[in-house]
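In: could you look at this predicted model? Sequence included:
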Amino acid sequence: MNDAVLTPIVTNADVVYIGYPKAASVFLGKFLENHPEVTIDHHGIVPLLLQSNSTSFPIAAKPCHDKVHVSRDEGFAESLCVIGDLSKWHRYKYIPGAWDVVKDDILVDPDEAARRLHRAHPQAKVLIVLREQTDWLNSIYKYSINELPAAQRSFADYCATPYGTVLLQAGHFDKTITAYLDIFGSNRICVLRYDDLVNAPGRFTARLCAFIGIAEQPLPPRRENESHAQIARLLRLFPIVGRLPRSAKDAIKPRAARLLPGARGMLLSSRELRLLRSVYVLSNQRTEKLIERLS
């Protein structure tokens, strides 16, 4: 979830794109932003998660009445609802073992997140993009590794942080899909796969545009906001790298790719991958059935 101070403005949306993060959300956001039939806002639905569930917000009119308006927040599917002190969450979210410090101030509940969204946008369509859990968690870990304490940067450390705990729960995709199905109804839910975006972009785009109700256009050729595994490996081995300016990190990347075995691949070990897959096997079976129901 974005840590910036947010103004509680909620815009009337035809479609809410709730995530997941690190599943090409920036790339798809750019695609929609550049579509002539779409307007889009980013983090416009975050206030619904940050405030008490009794809080209501005035709903602003969408920018163009004759265009489809999409409200995007790729972290909404994490289902992290604030019920107490938000500053405590920001302070401890990347501290391994700090779950007990924050657990009374947040609620990780897809049903509650869906209810809060429905109160503000009862007629909206809901777009969800899934990424296979090991690939997804590996990508988020790479992206966030510099947030961990310098001496605690293993994947196990990351999973032991409050944010890691939230992500592990959010990886049970069936629970999130079920929550939105129950509250919004199957005709207003679309679940797409990151793998299709990479391997079958034509099929992905056709489903995306048909669901939103806009003319189909090809996806641009390059994904945005790529993570860099080689820098993440260096950060884990040499925490001081995290203090370097962006230009120095960019200069290091080619050398890191040559010097670190498998620098462009997974940071997770084969044991960690097997463990994660075993955790989600039943959830994935239920997810497949839900996606079939929506097809």
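Out: Received it, and whenever you're ready, just let me know what you need. Residues are numbered from 1 along each chain as shown.

In: for the helix or strand containing residue 136, what is the average pLDDT?
Out: According to DSSP states H and E, residue 136 maps onto helix 133-144. Helix 133-144 carries an average pLDDT of 92.

In: do the same with stretch 185-199
Out: For stretch 185-199, the mean per-residue pLDDT is 95.

In: start and end of it, how far apart?
Out: Its start and end residues considered, stretch 185-199 measures 29 Å (CA to CA, to the nearest Å).

In: for stretch 111-127, same thing?
Out: 16 Å.

In: quick one: contacts for residue 125?
Out: Contact partners of residue 125, counting by CB atoms under 8 Å, 6 or more residues apart in numbering, are 14, 15, 16, 184, 188, 189, 190, 211, 212. To be clear about C-beta, it is placed using only N, CA and C from the backbone, and glycine gets the same treatment.

In: in the residues you listed, find the pair that's most separated.
Out: 184 and 212 (15.0 Å; CB to CB).

In: for the protein, which helix is longest?
Out: helix 270-294 (DSSP state H).

In: ok, back up a step: reformat the contacts of residue 125 as a markdown table; add secondary structure, neighbour count and distance to residue 111.
Out: Below are the contacts of residue 125 laid out as a markdown table (DSSP: H, G, I helix; E, B strand; the rest coil; neighbours: other CB atoms under 10 Å; distance: CB to CB, whole Å):
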| residue | secondary structure | neighbour count | distance to residue 111 |
| --- | --- | --- | --- |
| 14 | coil | 18 | 23 |
| 15 | strand | 24 | 21 |
| 16 | strand | 26 | 16 |
| 184 | helix | 20 | 12 |
| 188 | helix | 18 | 17 |
| 189 | strand | 19 | 14 |
| 190 | strand | 19 | 19 |
| 211 | helix | 17 | 23 |
| 212 | helix | 20 | 25 |
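
In: output those residues as TSV; include the columns distance to residue 58.
Out: Shown next, in TSV, are these (distance: CB to CB, whole Å):
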residue	distance to residue 58
14	18
15	20
16	17
184	22
188	23
189	26
190	28
211	28
212	25
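
In: can you tell me how far residue 164 is from residue 82?
Out: Distance, residue 164 to residue 82, by CB to CB, to the nearest Å: 18 Å.

In: more neighbours: which of those two?
Out: residue 164 (23 against 17; other CB atoms under 10 Å).

In: any idea of the pLDDT on that one?
Out: pLDDT at residue 164 comes out at 97.

In: skip the chain neighbours and tell me the closest residue to it.
Out: Nearest non-adjacent residue to residue 164, counting by CB to CB, 6 or more residues apart in numbering: residue 158, 4.7 Å away.
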